[in-house]
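Enquirer: With the sequence up front, the predicted model follows.
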Protein chains: 2
Amino acid sequence: MTWRIPTLSLTLLAAGACYAADSPNLADQYRPVAGKLIDAALADTEGYNRLTWLCYRIGSRLSGSAALEKAIAWSAEQMKAAGLSNVRVIPAKVPHWERGGESGRMIAPLDKPLHMLGLGMSVGTPPGGITADVVAVSSFDELAKLGREKVQGKIVVYNEPYTGYGPTRMYRSSGASRAAALGAVAALVRSATPLAIEIPHTGEMSYDDNQPRIPAAAVSPEDAMMMARLYADGVPVKVHLEMGAHMEPDADSGDVIGEIPGREKPEEVVVIGGHIDSWDVGQGAQDDGASIMACLQALALMNKLGLQPRRTIRVAFWVNEENGGRGADPYRASVGDRLKGHVAAIEMDGGAEAPLGFGAGADQNSLEMLRQIGTLLERVGAGQIAGGGGGADIMPLVRDGVPGLSERTVGTHYFDWHHSEADTLDKVSPEDFRKNVAALAVMGYVLADMPGRLVSGGGGRRGQ
Amino acid sequence: MTWRIPTLSLTLLAAGACYAADSPNLADQYRPVAGKLIDAALADTEGYNRLTWLCYRIGSRLSGSAALEKAIAWSAEQMKAAGLSNVRVIPAKVPHWERGGESGRMIAPLDKPLHMLGLGMSVGTPPGGITADVVAVSSFDELAKLGREKVQGKIVVYNEPYTGYGPTRMYRSSGASRAAALGAVAALVRSATPLAIEIPHTGEMSYDDNQPRIPAAAVSPEDAMMMARLYADGVPVKVHLEMGAHMEPDADSGDVIGEIPGREKPEEVVVIGGHIDSWDVGQGAQDDGASIMACLQALALMNKLGLQPRRTIRVAFWVNEENGGRGADPYRASVGDRLKGHVAAIEMDGGAEAPLGFGAGADQNSLEMLRQIGTLLERVGAGQIAGGGGGADIMPLVRDGVPGLSERTVGTHYFDWHHSEADTLDKVSPEDFRKNVAALAVMGYVLADMPGRLVSGGGGRRGQ
């Protein structure tokens, strides 16, 4: 997943009728069908088999890659095989960043390889690479204190200790331009991960148009710590960096969608999904392959059980979440004026470890309804309903008033693997995967079938 | 560390006078001096600073490398700086294996890099590399069942799940020759580690002289699992492997020793140490840099405190433990007939996580004495005395009757890092390091000073 701070419309739509607090309890009403869905999910092997194919036969799928287009075509086939209707690809133009060849070495005070991984959207180095001394800082404040005199011509190493993904990722996002503003020639950013095990973690960076564009790469926590310690000890640290990263012309791609049409109100829609693209390392298993396969399987099981909800339930595999976010708007545009029919948007983009429940951007009455549904999920540990509810791919919907939910998990190891070579199939426990399918199936089905509708609480503002 | 199964002499020497069970309790006797040593160790920063230099200024130090010789010269200087006497290098000829350039790719069913690391002492591939289909097994039994018909011309992948270092390392040691016996052209071995995080772990392998020598490399657990799953599903898996590994002529190297001469019986010796060489990845921090720096610091603190034990206490940095074991015999040879004066040999080669105590190859009476000393170490959590006590570098001493001890730690993460790029300074907690120094200082001092001597229990047999 990528985290972005969206610009939000503060206009909230009163989205349909509010569900009265004295209506029959949703948990009582849906307990039998929830039981069937959970039983089916916990016995399911098809979903994990699909995930296995995605990871082992298609692999990583960066925007612009042949593998992504293969994944899109295969996904449409899988939706059809699961009996979904109106399977189609909503066209999207996506940025095409190519990593190219890359390597880094520390050449003083000793010669050793750097465990580096170019940041997504970075420029490359000039031919022959860049060789420069390092300055190391642990914050933007420290960088500012060094000033242009000490930074000019240097490679800036950001050695911000990991205190959570949110606080540390800003060095990845804007570290290059902040360093370039003081004359740096490249930026190396400590990977945003709690686990120091000599693997680097990539992610999206962006450039300030007012600054020179300098190459930026993640380094392992160990390499960042080592360079920072040597620099602090006054030992000159010299690095050689070569990166072939560059942009190719935008590529044709798209969001894959399919649905179970509503039996009474097909024009009303619960959309549920994640993103189909991944970084070009690992297999995009936790981020976000497991999510899209779990969402698809939730619908597949409804079909197998002959469950057709009152409203349409739609699965969406959004494209280009990782480096551009160019899949979210085409989906929003495809909905057009029919947005009022979107009763809820559920995004899953935090991995498929054991599910805890859902974050929701909904008003108090709606949260109470969600808590009633949550009680149905206690059997799989996924009964918690909290605030939040945003997500990069549903943001254009949430911004325009659609109640947004995000599936939440324990997240114990997610950032150990995230955006690295280690995001591979084996990290997804089949048991946890099935619990996620159960949680998504029950939440999606009840939201698509219940008499009332959620009301947005402006969740987009909270859900970044 | 490397584990070897030694051929043992079963002749045990009655090594000096036995300590009578009704003698004054060693704990009471040495409590004041132990308290001083522990206080000093827990306040010490010099030892960890030395380790920092070894890791960050010298780095990995494979036998035959310039870095190893630099480490040896620097270590001798450090011993002198710590006030040790008779600092010298005992010459040893060590094998010189060079990794050369290496890479691996899966080229079918999809194209992806393999996370591989050649095994130490492996031959390389022919120029241009090896391209072949894979057969995957999880045991030697499975390999035998496949037989020559299915193995001939293939690359054998050993996907033995990790159940502990002992049971899994045999695939690394002898997997290549077992595969070659059936006509395989290369062997890829799942890394012997409990942590699947897409890093490979190297280690020593050896060839059966009766079989063709084929290249052997470790792969990450993830790559092994992926290839095994695809193979089990009947999907042809093709791999391309290039390895420049080869042997150079044996190199001149040596064991570094230094000592505090005994104040009453300088001819009697407690030797305490670990190995100075490491693999050519990571920094050899836990394996075994922290150990040798902790042993040195134990003696350095005795000197600082003006503590000169009755007998000589000697620190030894043995060379070439990892790929040849050619440092152990030269030390033994240098002792010659004076072996009877060796009252104990302590090896530390299991990392420097929080210490638990010592394994000892000693008779029951001696174990009781050690338990008395152990009570002095409870303050740093290191009071446990167990059986065992061997170690590759003290094996020639233990085999000839010297009571052997091995320092033991909790070992929580040791095999996450062992023999991989991730064995770096940051893995050694300064606090745990200091506790190890305390444990070594107290055990070493008391053994060198106490009136009686330990008697070997044939610990070599138990201590592999």
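Expert: Sure, I can see it.

Enquirer: hey, let's count contacts and neighbours off CA atoms from now on
Expert: Will do.

Enquirer: List the contacts of A:Ser206.
Expert: A:121-122, A:173-174 (Cα atoms under 8 Å, 6 or more residues apart in numbering or on different chains).

Enquirer: among the residues you listed, which are in helices?
Expert: A:173-174 (DSSP state H).

Enquirer: so which of the contacts of A:Ser206 comes closest to A:Asp208?
Expert: Among the contacts of A:Ser206, A:Ser174 lies closest to A:Asp208 (Cα to Cα), at 7.8 Å.

Enquirer: Top of the contacts of A:Ser206 by number of neighbours, please.
Expert: Greatest neighbour count in the contacts of A:Ser206, by other Cα atoms under 10 Å in any protein chain shown, goes to A:Ser122: 25 neighbours.

Enquirer: show me the residues around that one that make contact.
Expert: Here A:Ser122 is in contact with A:205-206, A:214-217, A:245-246 (Cα under 8 Å, 6+ apart).

Enquirer: Do you have the helices of the stretch 201-350 of chain A handy? List them.
Expert: A:221-232, A:290-304, A:328-335 (DSSP state H, counting those that start in this stretch).

Enquirer: Of all those helices, which one is nearest chain B?
Expert: Minimum separation from chain B across the helices of the stretch 201-350 of chain A (Cα to the nearest Cα) falls at helix A:221-232, 6.9 Å.

Enquirer: Contacts for the closest one next, please.
Expert: So helix A:221-232 is in contact with A:114-115, A:134-137, A:157-159, A:189-191, A:193, A:195-200, A:236-237, B:56, B:422, B:424, B:426, going by Cα under 8 Å, 6+ apart.

Enquirer: one more time with 7 Å
Expert: By Cα atoms under 7 Å, 6 or more residues apart in numbering or on different chains, the surrounding residues in contact with helix A:221-232 are A:114-115, A:135-136, A:157, A:159, A:190-191, A:196, A:198, A:237, B:56, B:426.

Enquirer: Can you add secondary structure and give those residues back as TSV?
Expert: What follows is those, written out as TSV (DSSP: H, G, I helix; E, B strand; the rest coil):
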residue	secondary structure
A:Leu114	coil
A:His115	coil
A:Val135	strand
A:Ala136	strand
A:Val157	strand
A:Asn159	coil
A:Arg190	strand
A:Ser191	coil
A:Ala196	coil
A:Glu198	coil
A:Val237	coil
B:Tyr56	helix
B:Asp426	helix
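
Enquirer: Which of these has the largest number of neighbours?
Expert: Neighbour max across the contacts of helix A:221-232 (other Cα under 10 Å) = A:Ser191, 36 neighbours.

Enquirer: so is the residue nearest to A:Leu370 when sequence neighbours are not counted in a helix, a strand, or just coil?
Expert: Sequence neighbours aside, A:Ile385 is the residue nearest to A:Leu370 in space, at 6.7 Å (criterion: Cα to Cα, 6 or more residues apart in numbering or on different chains). Following three-state DSSP, A:Ile385 is assigned to strand.

Enquirer: how close does A:Ile385 get to A:Ser291?
Expert: Per Cα to Cα, to the nearest Å, A:Ile385 is found 19 Å from A:Ser291.

Enquirer: next one: A:Ala144
Expert: 41 Å.

Enquirer: who has more neighbours, the two?
Expert: Between A:Ala144 and A:Ser291, A:Ser291 has the larger neighbour count (other Cα under 10 Å), namely 30 against 14.

Enquirer: Near the residue nearest to A:Leu370, how many residues? Count them for me, please.
Expert: Number of residues near A:Ile385 (other Cα under 10 Å) recorded here: 25.

Enquirer: pLDDT score assigned to it?
Expert: For A:Ile385, the model assigns a pLDDT of 98.

Enquirer: hey, what's it bridged with?
Expert: Beta-bridge pairing for A:Ile385 (DSSP bridges): A:Phe358.

Enquirer: returning to that earlier point: output the contacts of A:Ser122 in a markdown table, with pLDDT appended to each entry.
Expert: Shown next, in a markdown table, are those (pLDDT from 0 to 100):
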| residue | pLDDT |
| --- | --- |
| A:Met205 | 98 |
| A:Ser206 | 98 |
| A:Ile214 | 98 |
| A:Pro215 | 98 |
| A:Ala216 | 98 |
| A:Ala217 | 98 |
| A:Ala245 | 98 |
| A:His246 | 98 |
